[in-house]
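# Below is the sequence, then the predicted model.
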Amino acid sequence: MDNQNYTVLVGWQPPLAGFVKLNTDGSALKNSSIAGAGGVFRDEFGNWLCGFSHFVGITTSLSIELWAIHEGLRIAIHRGYSKLLVETDSKAATVLLDIES
């Protein structure tokens, strides 16, 4: 695609019945810079269960995306979410973790 602006429509899909969905994201200013991450947990009806955000410090974009997934999994275990679907926008993280994107 040439340098034209375009819009991509996105949407959220709920998890299967009985599952909890974790959506995570991380952001680093200019790769290897100030970074933060967060995530949200929702049930099959889209109800908010809990969320988290955290300033991490200086790190890379990939590291902060992985940190967000790790922190989300830690919280899920603590809260007893045994049926969990994790969703991230980081293709690099999904490839590294060898999961579906």
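Arrived safely, thanks for sending.

# Any idea how many residues pack against Leu84?
Per other Cβ atoms under 10 Å, the neighbour tally for Leu84 reads 16. Placement of C-beta: from N, CA and C, glycine included.

# and it, bridged to which residues?
Listed by DSSP bridges, the beta-bridge partners for Leu84 are Val20.

# where's it relative to Leu22, distance?
Leu84 sits 6 Å away from Leu22 when distances are taken as Cβ to Cβ, to the nearest Å.

# Quick check, pLDDT for the nearest residue to Ala76 once chain neighbours are set aside.
Using Cβ to Cβ, 6 or more residues apart in numbering and skipping residues adjacent in sequence, the residue nearest Ala76 is Leu84, 5.1 Å away. We note a pLDDT of 97 for Leu84 in this prediction.

# Isn't Leu84 up against Gly18?
No: at 10.8 Å, Leu84 and Gly18 do not qualify as touching, with contact defined as Cβ atoms under 8 Å.
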